[in-house]
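Enquirer: Here is my input; please provide its structure:
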Amino acid sequence: MTEQRPYIDTHQEQDDTNHSVNSHFNEVLQVRISRRKTVLGGMSATAALMLGGLTGCGNSDDTVVPAATPEPELKLGFTPVAKNLNDVVTVPTGYEVAVVYALGDALNTTTSAWANDGSETADSYEFRAGDHHDGMSFFGLGSDGKWSSKTSDKGLLCLNHENITSAFLHASGPTTVDGKRPVDEALKEINCHGVSVVAINRQSNGSFAVDKANTLNRRVTPNTVMEFHGPAAASRFLVTKYDAKAKKGRGTLNNCANGYTPWGTYLTCEENWAGYFKRPSTDDSLRSTAELASLKRYGVTSSTGANSWSTASDSDDRFTRWNATILDAAKTADTDFRNEPNTFGWVVEIDPFSASNAPRKRTALGRFAHEGCVIAPVKVGKPVVFYMGDDSRGEYVYKFVSAKVWDAADATGGLTAGDKYMNDGKLYVAKFNADGTGKWLELSFGVNGLVADNAVYPFTSQAAVVVNARLAADSVGATKMDRPEWTAVHPKTGEIYLTLTNNSNRGTSYPVDAANPRNYTDEDGKKGKGNPHGHIIRWKETDGEHSAVGFTWDVYVFAAEEDADKSKINVSNLTSANDMSSPDGLWFDSRGILWIQTDDGAYTDVTNCMMLAAVTGKVGDGGKTTIDTQDTFKGKNPTEDNLRRFLVGPKECEITGVTMTPDNKAIFVNIQHPGEDGNLTSISSNWPDVANPTVVNSNKTARPRSATIVIYRKDGKEVAV
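Expert: Numbers count the residues shown, from 1 in each chain. Have a look, this model is predicted:
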């Protein structure tokens, strides 16, 4: 029997698996944040230098150092884009937009072009663009074929392929035959996940095009050989039939947000990986108490797996690996794939400039639903610090502080530098205090009760801690937060921003409090009650040191619809030029402009998802307010001068992933799953090919495709200013 399979979305709100008694972030934001201004901690390097010059500090001859020339004030210089429901990408007047790399596009000169009919073979997707383009970074490509941080005309674009819209991937949609997935369909879906490394060149008009002849072009898929590094490598937790020594694994999966290192490598982050694995409830009786605690805390509880890949073959372990069931309790873990879920949930480091070096899973940074990995600006003699969110309701914010301090000589160190800074250090989780301060709680074996007789989980090593980072965070009393997604660090102030995308359970499982005071029914009836629109918080580390264990924080902006009640919902007073819902993607460019992207289901009756640009203030620039009867604290209201809409995407898409060339003249953005609500009998979007008459079967029969676009100014000047 053949039947079509529905599209399974593993990206939207995930089931809450945090049943610990820890307080929610939203239960501790009860008192006014400190208004004390830290003079040097929140200043830019230029301002600090100016202060030093005026006071003459550090000059043995008492000579006054001339004040540095202040940086020009950063201002947004484009006309805001209006909200719309068009099936195009709308950008400001004076800008051009072009598609660079879409689902199915060939990465070399020998692979056939995308055919718009699902006929491409599974194997060919090892040389084609995958699906659901997400986080990405641009790496300048020097004439010597190596990383050049200042090169803008040629580069390698590294981008994630988070998921699939399977309805459009196959000739007639996904199917099962006698309860099994066809091998070619399952393999195609697998290969459409992962990462692309793609060479691009600037064109004479300012646009970019793929250089198909470049030998650095490649795909990293869930079948690519990986190495484990850090505390969990060679531990019992990673033993599988594939590698009994637990030093190697295969592939990366559900890659959402990303990061990049000061030594020229790409960080891809494994987010909602748990649902891909088959593990029926009958497996529970074969597991130890500790194993069950871990599996259930991470949500490895699907009876079939999201795409039923494990059914495609009874013998090919490219497919049987997706069955995490213990096949024989009398046998050891190296005879099946009971531990395969433990091989996912990591930050993966890839060297874009060397295909011969296997990507490395950096286990010291913890295992969870990684939503990005952003590094604070490095300083010589200081540790390298990484910030990470765990994208699910009630999860935590983490940071990793390297044991070694930064040496500028490592700026071209590649994966060797990664070994130095990412394999050894301390993992922390955040606790937000009611007085506006916070503390980073150490997650190290033997510290803070992370020992064998721990009541939450028996931590017997640092490997046990990092593999079960969520349980370790539960144990130390971290603060629950609402879907902590992308983190971004301001390049001038060093302050950290984090999107809390939304929470449909606000007011039920999550009581209304100062940090999340808006429990209401969506005025348009699009997404029920709770907190449909989300918000962005920010914090600054004590004394401006990113390795500090203390911080202060506030709420930057509450997302809302412009016409919503300003006393209860639109408390940041957003207007038609900057209102938004469900902030998700977040990134600072080198100038300090914050780019905010949305993944929305509550405002899509009015507008497609969007991207905004912001010139932010600083932590503590706002004050106390009351929403309904609930006191809360937020930053100074943004205005249309410092927050405005830059882009609106096509129908039913998510806007996600953003990077720029070093000269700031081209910005790359990913359009994910346009037309996701449609199917082959009812196509709801034809982007990106609807406006391209050269595409076969274009216009109303073209299947929608996720794609990377580039936006640039017609006059050749910097974007956004």
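
Enquirer: State the mean pLDDT of the strand or helix carrying residue 134.
Expert: Residue 134 belongs to strand 133-140 when assigned by DSSP states H and E. The average of the pLDDT scores along strand 133-140 is 98.

Enquirer: partners of the helix or strand just after that strand in the sheet?
Expert: Following strand 133-140 in sequence order, the next helix or strand is strand 154-161 (DSSP H and E). Sheet pairing of strand 154-161 (DSSP bridges) gives strand 133-140 (antiparallel), strand 194-202 (antiparallel).

Enquirer: Determine which stretch of those strands is the most buried.
Expert: Ranked by average neighbour count under the criterion mean count of other C-beta atoms under 10 Å, these are headed by strand 133-140 at a mean of 26. For every residue, glycine as well, the C-beta is placed using N, CA and C.

Enquirer: mind putting the strands paired with strand 154-161 in JSON lines, distance to residue 90 included?
Expert: As requested, the strands paired with strand 154-161 are arranged in JSON lines below (distance: least, C-beta to C-beta, whole Å):
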{"stretch": "strand 133-140", "distance to residue 90": "19"}
{"stretch": "strand 194-202", "distance to residue 90": "23"}
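
Enquirer: I'd like to know which of those strands lies nearest to residue 477.
Expert: Closest of the strands paired with strand 154-161 to residue 477 is strand 133-140, at 30.4 Å (criterion: C-beta to C-beta).

Enquirer: State the distance from residue 337 to residue 131.
Expert: Distance from residue 337 to residue 131, counting by C-beta to C-beta, to the nearest Å: 24 Å.

Enquirer: nearest residue to residue 263 other than its sequence neighbours?
Expert: residue 417 (3.8 Å; C-beta to C-beta, 6 or more residues apart in numbering).

Enquirer: what residue ranges in the stretch 551-700 of the chain score low on pLDDT?
Expert: 630, 691-699 (pLDDT under 70).

Enquirer: what do you get if the cut-off is 50, keeping everything else the same?
Expert: Filtered on pLDDT under 50, the stretch 551-700 of the chain yields the residue ranges 693-698.

Enquirer: Next, the contact list for residue 171, please.
Expert: With contact set as C-beta atoms under 8 Å, 6 or more residues apart in numbering, residue 171 has these partners: 117, 118, 119.

Enquirer: Most neighbours out of these, which is it?
Expert: residue 118 (17 neighbours; other C-beta atoms under 10 Å).

Enquirer: per-residue confidence for the closest residue to that residue other than its chain neighbours?
Expert: Nearest residue to residue 118, sequence neighbours excluded (C-beta to C-beta, 6+ apart): residue 171, at 3.9 Å. Per-residue pLDDT puts residue 171 at 96.

Enquirer: give me phi/psi at residue 171?
Expert: Residue 171 adopts backbone torsions of phi -60, psi -40, taken as degrees, to the nearest 10.

Enquirer: buried stuff in the helix or strand where the residue nearest to residue 263 lies?
Expert: Here residue 417 sits within helix 414-422, counting by DSSP H and E. For helix 414-422, a neighbour-count test (16 or more other C-beta atoms under 10 Å) marks 414, 415, 417, 418, 419, 420, 421, 422 as buried.

Enquirer: Could you export those residues as JSON lines, including distance to residue 84 and pLDDT?
Expert: Shown next, in JSON lines, are those (distance: C-beta to C-beta, whole Å; pLDDT from 0 to 100):
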{"residue": "414", "distance to residue 84": "44", "pLDDT": "97"}
{"residue": "415", "distance to residue 84": "44", "pLDDT": "98"}
{"residue": "417", "distance to residue 84": "45", "pLDDT": "98"}
{"residue": "418", "distance to residue 84": "43", "pLDDT": "98"}
{"residue": "419", "distance to residue 84": "48", "pLDDT": "98"}
{"residue": "420", "distance to residue 84": "48", "pLDDT": "98"}
{"residue": "421", "distance to residue 84": "44", "pLDDT": "98"}
{"residue": "422", "distance to residue 84": "43", "pLDDT": "98"}
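
Enquirer: got those residues as JSON lines, with distance to residue 232 columns?
Expert: Output for these, formatted as JSON lines (distance: C-beta to C-beta, whole Å):
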{"residue": "414", "distance to residue 232": "22"}
{"residue": "415", "distance to residue 232": "18"}
{"residue": "417", "distance to residue 232": "20"}
{"residue": "418", "distance to residue 232": "16"}
{"residue": "419", "distance to residue 232": "15"}
{"residue": "420", "distance to residue 232": "18"}
{"residue": "421", "distance to residue 232": "17"}
{"residue": "422", "distance to residue 232": "13"}
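
Enquirer: Can you tell me which residue is spatially central in the protein?
Expert: residue 257 (2.0 Å; C-alpha atoms, centre = their mean).

Enquirer: And that one, what's its pLDDT?
Expert: Residue 257 is given a pLDDT of 98.

Enquirer: which SS state does it fall under?
Expert: Assigned by DSSP: H, G, I helix; E, B strand; the rest coil, the conformation of residue 257 is strand.

Enquirer: List the single closest residue to it in space, sequence neighbours excluded.
Expert: Distances taken as C-beta to C-beta, 6+ apart put residue 372 closest to residue 257, at 3.2 Å, once the chain neighbours are dropped.

Enquirer: And for residue 611?
Expert: Per C-beta to C-beta, 6+ apart, closest to residue 611 is residue 647, 4.3 Å.

Enquirer: Residue 314 too?
Expert: Closest to residue 314 by C-beta to C-beta, 6+ apart is residue 320, at 7.1 Å.

Enquirer: Show the contacting residues for that neighbour.
Expert: Counting by C-beta under 8 Å, 6+ apart, the residues that residue 320 touches are 310, 313, 314, 337.

Enquirer: all strands for the stretch 501-650 of the chain, in order.
Expert: Taking DSSP state E, counting those that start in this stretch, the strands of the stretch 501-650 of the chain run over residues 520-521, 529-530, 535-541, 550-558, 583-588, 594-598, 610-614, 623-627, 630-634, 643-648.

Enquirer: Make a markdown table out of those strands and add distance to residue 447.
Expert: Listed next are the strands of the stretch 501-650 of the chain as a markdown table, based on distance: least, C-beta to C-beta, whole Å:
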| stretch | distance to residue 447 |
| --- | --- |
| strand 520-521 | 42 |
| strand 529-530 | 36 |
| strand 535-541 | 20 |
| strand 550-558 | 17 |
| strand 583-588 | 31 |
| strand 594-598 | 35 |
| strand 610-614 | 38 |
| strand 623-627 | 36 |
| strand 630-634 | 32 |
| strand 643-648 | 41 |
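
Enquirer: Next, format those strands as a markdown table and append mean neighbour count.
Expert: Below are the strands of the stretch 501-650 of the chain laid out as a markdown table (neighbours: other C-beta atoms under 10 Å):
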| stretch | mean neighbour count |
| --- | --- |
| strand 520-521 | 16 |
| strand 529-530 | 19 |
| strand 535-541 | 24 |
| strand 550-558 | 24 |
| strand 583-588 | 26 |
| strand 594-598 | 27 |
| strand 610-614 | 25 |
| strand 623-627 | 15 |
| strand 630-634 | 20 |
| strand 643-648 | 25 |
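
Enquirer: Among those, which comes closest to residue 459?
Expert: strand 550-558 (24.7 Å).

Enquirer: ok, the closest one: who's next to it in the sheet?
Expert: strand 437-442 (antiparallel), strand 535-541 (antiparallel).

Enquirer: circling back to that earlier point, and the residue nearest to residue 257, that one's in a helix?
Expert: No. Applying three-state DSSP, one finds residue 372 to be strand, outside a helix.

Enquirer: so who does it touch?
Expert: Contacts of residue 372 by C-beta under 8 Å, 6+ apart are 135, 256, 257, 258, 259, 269, 387, 388, 389, 485, 486, 487.
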